[in-house]
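[1] Curious how this folds, go ahead:
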Amino acid sequence: MNKFLLAAFLILFISCSENNDSEIIEKDSTITSDQVLKIDSCKVVSEQLDTFPKINYSKFVVEDWDKYLELKSKYKYSKGNKEANKAFITLNRKEFRFVKVGDTVIVPDKIVDDMRAYSIFPQYYCDAKHLEKLIIVSNEYQCYGAYEFGKLVRFAAANTGKKRTPTFPGRYALVWRDRIRKSSLDSTWVLPYTWNFHRYAGNAFHQFTMPGRAVSHSCVRQFMTDAKWLYNWGSGVKLDSNRKQKWLSGTPVVITGMFDYDRKVGPWLDFIDNKTGRVKLSGDPMDVDEAYIPIQQIPEEIQGWIPNRKRYLVAEDTLIARGVIDSNVRLIASVNFNKRRREREAKKRRDSVKNEQTTTQSTNIDIIKQNLESLEGQEIEIRKDSTEKK
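    Below you'll find the predicted structure:
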């Protein structure tokens, strides 16, 4: 394309377009013809893939019990109401059982059974078109999108890490999976459809309670149907020629932003429809920095031998310097509840043995005293009999 044609194309593109892409082109004279064509082609593909109807949202205040029953009749799970229930819990990021009188929730004016219709992510991520699979997680909006060669194939709600055990932003990758996992830190936590995405910190996608906020111990919680889908869709770590695991070789996972812990309700309540205010995704996700994980988030038993340990030691300061976490927030160290439980049980056994020994010793002393008293009694009788005989 010669300079004259490029200039003509730019003028036509800028005059006809009202979106942000045209504003970027107009302000940046360094954009090349190839980049213009890329922006335009991405826009076309996005429009072609976004075939979902416009869905308007409204806030519903659960003022009293009657309002709760009204909401329940429309969105509570039942065999014949699966689609409406899934749309409602996905939009509100929580199970219906957590809705209570006094809450404000968001409701759609129409129900679509494909949750991609409610996605805050674009239907097409142009810079990810070279990736077979990709997962984008938003801490801010408590949800994730799964992409195949740039096309959105799944949109799902998520509940990520709470303030003192956050899910740190950055690049990760799926490592291993387990159909029903008992947490290595607490075996009482049963985690269906687990996909680990950090082998040392233990971060994982899995099904668990969804109250509609960032409340986890740094994992990404999901609804059961989403967890099952991801379990079957994702790809785990790859091995090199020596059968050693290749770092960050599984399905890429990019976690963005941080949840606003000061908000009473999530920012998803501010959306007015499914077309306005979508999160913009740009840039090669493979260029995103690997996530910084503070050392205290690594189980104590393996802190001494993890590879690249220095990165974990400087992680908290790095995150504070970047404004990711507040310096006033004291992160909770990873706690091995299984170990604590074993130690408590061992102490109980030791105390029980000690008490038993003390009781045995006490009993033995009592028996000795009784025997001595008995012997003394016998001697008295013997002396008495001897005297009488004399």
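
[2] For the residue nearest to the spatial centre of the chain, give me its contacts.
    Centroid-nearest residue in the chain, with C-alpha atoms, centre = their mean: Val220, separated by 1.4 Å. Applying C-beta atoms under 8 Å, 6 or more residues apart in numbering to Val220 gives the contacts Val137, Tyr144, Ala158, Asn159, Thr160, Thr167, Asn203, Ala204, Phe205, His206. In this view, the C-beta of every residue, glycine as well, is placed from N, C-alpha and C.

[3] beta partners of it?
    When bridges are called by DSSP bridges, Val220 pairs up with Phe205.

[4] so how far is Lys354 from it?
    Distance of Val220 to Lys354, computed by C-beta to C-beta, to the nearest Å: 46 Å.

[5] could you pull out the strands for the stretch 51-200 of the chain?
    Along the stretch 51-200 of the chain, counting by DSSP state E, counting those that start in this stretch, strands occupy 57-61, 104-108, 134-138, 143-148, 151-157, 170-173, 177-182, 190-196.

[6] Then the stretch 251-390 of the chain?
    Counting by DSSP E, counting those that start in this stretch, the strands of the stretch 251-390 of the chain are 252-256.

[7] pLDDT weak spots in it?
    Filtered on pLDDT under 70, the stretch 251-390 of the chain yields the residue ranges 336-343, 357-365, 367-369, 371-390.

[8] and what of the stretch 51-200 of the chain?
    Along the stretch 51-200 of the chain, no part satisfies pLDDT under 70.

[9] Count the residues that sit near the residue nearest to Asn81 when sequence neighbours are not counted.
    For Asn81, ignoring the flanking residues on the chain, the nearest one in space by C-beta to C-beta, 6 or more residues apart in numbering is Tyr75 at 7.4 Å. Applying other C-beta atoms under 10 Å, we find 24 residues neighbouring Tyr75.

[10] With Lys59 instead?
    Count around Lys59 with other C-beta under 10 Å applied: 12.

[11] just Ser327 next, same as before
    Neighbour count of Ser327, defined by other C-beta under 10 Å: 11.

[12] Excluding residues flanking it in the chain, which one is nearest Tyr77?
    Leaving aside its sequence neighbours, Tyr77 sits nearest to Asn85 (C-beta to C-beta, 6+ apart; 4.3 Å).

[13] The one you found and Lys79, how far apart?
    Counting by C-beta to C-beta - Asn85 and Lys79 are separated by 10 Å.

[14] more crowded one of those two?
    When neighbours are counted by other C-beta under 10 Å, Asn85 comes out ahead of the other of Asn85 and Lys79, with 17 against 5.

[15] mind listing what the more buried one touches?
    Tyr75, Lys76, Tyr77, Ser78, Phe96.

[16] run the last query once more with 7 Å
    Tyr75, Lys76, Tyr77, Phe96 (C-beta atoms under 7 Å, 6 or more residues apart in numbering).

[17] Over to Ser249?
    Ser249 makes contact with Ala173, Val237, Lys238, according to C-beta under 7 Å, 6+ apart.

[18] The last one reaches Lys246, doesn't it?
    Yes. Checked against C-beta atoms under 7 Å, the pair Lys238 and Lys246 is within contact range at 5.0 Å.

[19] coming back round to it: which one of the contacts of Ser249 is nearest to Leu331?
    Closest to Leu331 out of those is Ala173 (23.3 Å), distances taken as C-beta to C-beta.

[20] Bridged to that closest one, which residues?
    In beta-bridge terms (that is, DSSP bridges), Ala173 pairs with Pro252.

[21] burial of it, as a residue count?
    Neighbour count of Ala173, defined by other C-beta under 10 Å: 24.

[22] contacting residues around it?
    By C-beta under 7 Å, 6+ apart, the contact set of Ala173 is Phe197, Leu248, Ser249, Gly250, Thr251, Pro252, Val253.

[23] Show me which of the residues you listed are buried.
    When burial is judged by neighbour count using 16 or more other C-beta atoms under 10 Å, the buried members of those are Phe197, Leu248, Ser249, Gly250, Thr251, Pro252, Val253.

[24] surely the last one meets Ile135?
    Right, Val253. Yes. At 4.6 Å, Val253 counts as touching Ile135 under the criterion of C-beta under 7 Å.

[25] what do the two both touch?
    Between them, Val253 and Ile135 share no contacting residue, judged by C-beta under 7 Å, 6+ apart.

[26] Skipping its backbone neighbours, what lies nearest Ile320 in space?
    Ser327 (4.9 Å).

[27] how close does that neighbour get to Leu174?
    From Ser327 to Leu174 the distance is 32 Å (C-beta to C-beta).

[28] Gln222 now?
    In this view, Gln222 and Leu174 are 14 Å apart by C-beta to C-beta.

[29] do the same with Asp317
    As judged by C-beta to C-beta, Asp317 and Leu174 stand 28 Å apart.

[30] who's more crowded, these two?
    Leu174 (25 against 12).

[31] burial count for Gln48?
    For Gln48, the count of nearby residues is 10 (other C-beta under 10 Å).
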